[in-house]
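Visitor: Sequence first, predicted model second:
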Amino acid sequence: MYKARFLTIALILPLVLVCPGIHVSTRVSATSTRGHASNYAPGEVIVKLKPGARELEPVDRDERLMTIARLAGDKGGAISSRSAETLVRGASNQRVSEIISGRGLDRVFVLRFDPSADVDSIVSELRTLDQVEYAEPNYLIKFGGVIPDDPGFSQQWSLFNLGTSVPWDPNNDGNLDYFDSTPNVDIKASEAWEITEGSPDVVVALTDTGVDITHPDLARNIYTNPGEISGNGVDDDHNGFVDDVHGFNVADQNGDVGDAFGHGTQMAGVIAAEMNNNLGITGICQSKVMPVRFYKRYGPDPTQYSATVADAARSLLYSIAAGASIINASWTTLLTSEDTSAAEAQALEDAVNATNDAGALLVCIAGNEGYNLDYSKIYPASYGLPNQIVVAASDFNDEIWHPAFVPYVSIGGFGPNTVHLAAPGVSVVTTRARGTCFLCTQSSDPQDWYTRADGTSISAALVSGVAALVKSKYPNDNGIVLKRRILAGADVRDNLGNYVIGGRRLNAIGALTAQVTVSTPALTEFSYKAKNGKLIVYGSGMQTGVTVVVGKTGYHSKPRSDDGSAFLAIVPKEAFPPGTPVPIKLRNPDGGESQAITLTR
């Protein structure tokens, strides 16, 4: 059931259908590679320099970037056709700056050459240079108890399933058939809402194609930055991003978060369509969605859009800079070479590590290609960090997403040892973007502003929404603890045992009521040698695999004693600037954190 190794960075677009009373749209499986012959952006390379590289020395920004642009030598072609830019644009708040510098993301650059340049040769050349930590093509991305008065709620089987027939277009021909569903095969949303409907203080970052933020069923639940003034071209809150009023467009570096394709609006509706407004549908939570668009349009045709690893990484970094506690990543990388390893695509991993350092929950898709992730790795899902939760799609009978009448063939990604749980992802009703984008509608009929969608993207959005409910009840939980509550509260279904860990399927009330034990380590003292970077921490309650957090950056540790009272981490001296107090704390694998002790070198 598993296929040959295939790395992909692909936003898997949900497959769009329509529910009764909502006019039919064609189911779409789209990729971001239209107009591109390869799986990376023409003439673009990501390079990370080692600390102390001479190219980092020029104080003048333009001189520094031009020096870096010359790194490729003759392989890069004419100097006039080259440019370089930092991966991290603009200043960030101190918390995120520490994470960025700790991960070396301030030493990552995007180099641009003539589009006809031989990217593979340039990458090979850069990897031979002593001052280069890594170099890689800029790979492309593709997609993946309370009853509300919203009139479409009765059609939202994923939230409240009465066992009615579900319209679905399994043949992708635009014709709806009706399929029997099993009563109570849902995520128990109505029971969860008796506990909480979600706090507006909880922010879910939607890293995606953008969102139709004026959609009448979304507008009230779109995040607003209180420190920014719309349209004045000024960085009012001094966070390094101009006009980021409702999130940010990291691809075009502006505040236009409108939907470039239509995918992000579908995710937003699943997460946080407004409840009890007597309109359309309801999302799983009433928290705030922050659009972080990293897709760009490069032509007037709706099919002319693209996204890259560099901008995907930027979207994750913006999300933590803006304070999002949950990040929805309904996309994967588009790496089609069978021999490409994770070590050859490290820029995204650096950014994913930064989300873990920040304590955010990162919700990832298992993909829509039917691969067994136990054998075929996709990213970011397969990085396996403790703050990541990987989601497969299930249907209205608690079966894995499969072709009609062929229950043993999975359409979506799965992995009995690597995919954490399944969540509804078949014929799910959600919001539809309005406008001229590929999945948009230009209809003035409000019935056309909704659609049905399939895919692991939808499933991940449901998990993000439930995570927001849990964060609303337990505001002090970090991403690791949120993940543990969601997994502990999941239903176990025999039908899913061969597809996800433990046969788990999302349950909102279970996540809210699950009891988890968090062990709090105690840090009592430490020793540090700048010459070799050895930081030894001493204390109690430390678990094997404890992370040593220096400033805002986490470092892996190894046991230093038999009784678990000492652990060793290698921390570069740059993490401790002379004369600057730097906090050190411990984070156990179960999410428990110690109080911090300060070191001044």
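Guide: Perfect, thanks for sending it. Numbers count the residues shown, from 1 in each chain.

Visitor: can you count the residues close to Q94?
Guide: Using other Cβ atoms under 10 Å, Q94 has 10 neighbouring residues. For every residue, glycine as well, the C-beta is placed using N, CA and C.

Visitor: Adjust the sequence numbering to begin at 59 for everything that follows.
Guide: All right, first residue 59 from here; so that's Q152.

Visitor: For stretch 307-327, buried residues please.
Guide: For stretch 307-327, a neighbour-count test (16 or more other Cβ atoms under 10 Å) marks 307-310, 313, 315-327 as buried.

Visitor: Now do the end-to-end distance for it.
Guide: 19 Å (Cα to Cα, to the nearest Å).

Visitor: now do stretch 572-583
Guide: Across stretch 572-583, first to last residue, Cα to Cα, it's 34 Å.

Visitor: who's in contact with that stretch?
Guide: The contact list for stretch 572-583, computed with Cβ atoms under 8 Å, 6 or more residues apart in numbering, reads 539, 542-544, 546-547, 595-601, 604, 642-646, 648-655.

Visitor: again, only using 6 Å
Guide: 542-543, 546-547, 595-600, 644, 646, 648-650, 652, 655 (Cβ atoms under 6 Å, 6 or more residues apart in numbering).

Visitor: Please compute how far the top helix by length along the chain lies from its chain's middle.
Guide: For the chain, the helix that runs over the most residues, judged by DSSP state H, is helix 514-531. In terms of Cα atoms, centre = their mean, to the nearest Å, the centre of helix 514-531 is set 12 Å apart from its chain centre.

Visitor: What of stretch 331-351?
Guide: In terms of Cα atoms, centre = their mean, the centre of stretch 331-351 is found 19 Å from the chain centre.

Visitor: Would you indicate which residues of it are buried?
Guide: Quick answer for stretch 331-351 (16+ other Cβ under 10 Å): 331-333, 337-351.

Visitor: Just the C-alpha atoms of that stretch, please, in CSV.
Guide: The C-alpha coordinates for stretch 331-351 follow below in CSV (Å, rounded to 0.1, in the frame of the first residue of the first chain):
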residue,chain,number,x,y,z
ALA,A,331,-17.0,30.6,10.3
GLU,A,332,-19.1,32.7,12.6
MET,A,333,-21.6,30.9,14.8
ASN,A,334,-25.1,31.9,15.6
ASN,A,335,-25.3,34.7,13.0
ASN,A,336,-28.3,33.0,11.2
LEU,A,337,-26.1,32.8,8.1
GLY,A,338,-24.4,29.9,6.3
ILE,A,339,-22.4,27.5,8.4
THR,A,340,-20.4,27.5,11.6
GLY,A,341,-16.7,26.9,12.2
ILE,A,342,-15.5,24.6,15.0
CYS,A,343,-14.3,27.6,17.1
GLN,A,344,-15.0,31.3,17.5
SER,A,345,-11.3,32.2,17.9
LYS,A,346,-9.5,34.5,15.5
VAL,A,347,-8.0,33.4,12.2
MET,A,348,-4.9,35.3,11.1
PRO,A,349,-4.2,34.9,7.3
VAL,A,350,-0.6,34.6,6.5
ARG,A,351,-0.5,34.4,2.7
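
Visitor: Q505 - that's part of a helix, no?
Guide: Yes: with DSSP: H, G, I helix; E, B strand; the rest coil as the criterion, Q505 is part of a helix.

Visitor: Could you check how far it is from P225?
Guide: 14 Å (Cβ to Cβ, to the nearest Å).

Visitor: same check, this time on H304
Guide: Taking Cβ to Cβ, one finds H304 at 33 Å from P225.

Visitor: which one of these two has more residues nearby?
Guide: Neighbour tally, H304 and P225, criterion other Cβ under 10 Å: the higher count belongs to H304, 23 against 17.

Visitor: Just to check, that one is in contact with I271?
Guide: Yes: assessed by Cβ atoms under 6 Å, H304 is found in contact with I271 at 5.4 Å.

Visitor: intersection of neighbour lists for the two?
Guide: With Cβ under 6 Å, 6+ apart as the test, H304 and I271 both reach I280.

Visitor: any idea which helix or strand carries the residue lying closest to V558 once chain neighbours are set aside?
Guide: Distances taken as Cβ to Cβ, 6 or more residues apart in numbering put V477 closest to V558, at 4.7 Å, once the chain neighbours are dropped. V477 belongs to no helix or strand when assigned by DSSP states H and E.

Visitor: Could you check how far Y532 is from R542?
Guide: From Y532 across to R542, the span is 11 Å (Cβ to Cβ).

Visitor: the more surrounded of the two?
Guide: Using other Cβ under 10 Å, the more surrounded residue of Y532 and R542 is R542, with 22 against 14.

Visitor: Enumerate every residue touching the more buried one.
Guide: V574.

Visitor: Wasn't it part of a strand?
Guide: No: counting by three-state DSSP, R542 is not part of a strand but helix.

Visitor: Can you tell me the SS state at the nearest residue to K531 once chain neighbours are set aside?
Guide: Closest residue in space to K531, ignoring its immediate chain neighbours: T254 at 5.3 Å, by Cβ to Cβ, 6+ apart. Of the three states, T254 takes coil under three-state DSSP.

Visitor: Would you check that T254 makes contact with V528?
Guide: No: applying Cβ under 6 Å, one finds T254 not in contact with V528, separated by 8.7 Å.

Visitor: Looking at the two, which is more packed in?
Guide: Neighbour count, other Cβ under 10 Å: between T254 and V528, V528 has more, with 29 against 19.

Visitor: so what's the more buried one up against?
Guide: Contacts of V528 (Cβ under 6 Å, 6+ apart): L540, R543, A569.

Visitor: D408: which of those is nearest?
Guide: Checking those against D408 with Cβ to Cβ, the nearest one is L540 at 22.6 Å.

Visitor: Any idea how many residues pack against that closest one?
Guide: 27.

Visitor: I figured it hits A525, correct?
Guide: Yes: the pair L540 / A525 is scored as a contact, 5.3 Å apart, by Cβ under 6 Å.

Visitor: Specify the local secondary structure of the closest residue to L123 other than its chain neighbours.
Guide: Closest residue to L123 apart from its sequence neighbours, by Cβ to Cβ, 6+ apart: A142 at 4.4 Å. Following three-state DSSP, the label given to A142 is strand.

Visitor: How many residues are close by A142?
Guide: 20.

Visitor: How about G232?
Guide: 12.

Visitor: ok, back up a step: now a PyMOL select for only the buried ones of the contacts of stretch 572-583.
Guide: Those of the contacts of stretch 572-583 that count as buried under 16+ other Cβ under 10 Å are selected in PyMOL with:
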select buried, resi 542+543+547+595+596+597+599+600+644+646+648+649+650+652+655
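
Visitor: now, which of the contacts of stretch 572-583 lie within helices?
Guide: Those of the contacts of stretch 572-583 lying in helices (DSSP H): R542, R543, A546.

Visitor: residue contacts, the last one?
Guide: Each residue near A546 by Cβ under 6 Å, 6+ apart is listed here: A572, V574.

Visitor: For it, give me the pLDDT.
Guide: For A546, the pLDDT comes out at 97.

Visitor: same thing with G483?
Guide: So, for G483, pLDDT stands at 93.

Visitor: ok, now S174?
Guide: As predicted, S174 sits at a pLDDT of 89.

Visitor: Confirm that it sits in a helix.
Guide: No: using three-state DSSP, the assignment for S174 is coil, not a helix.
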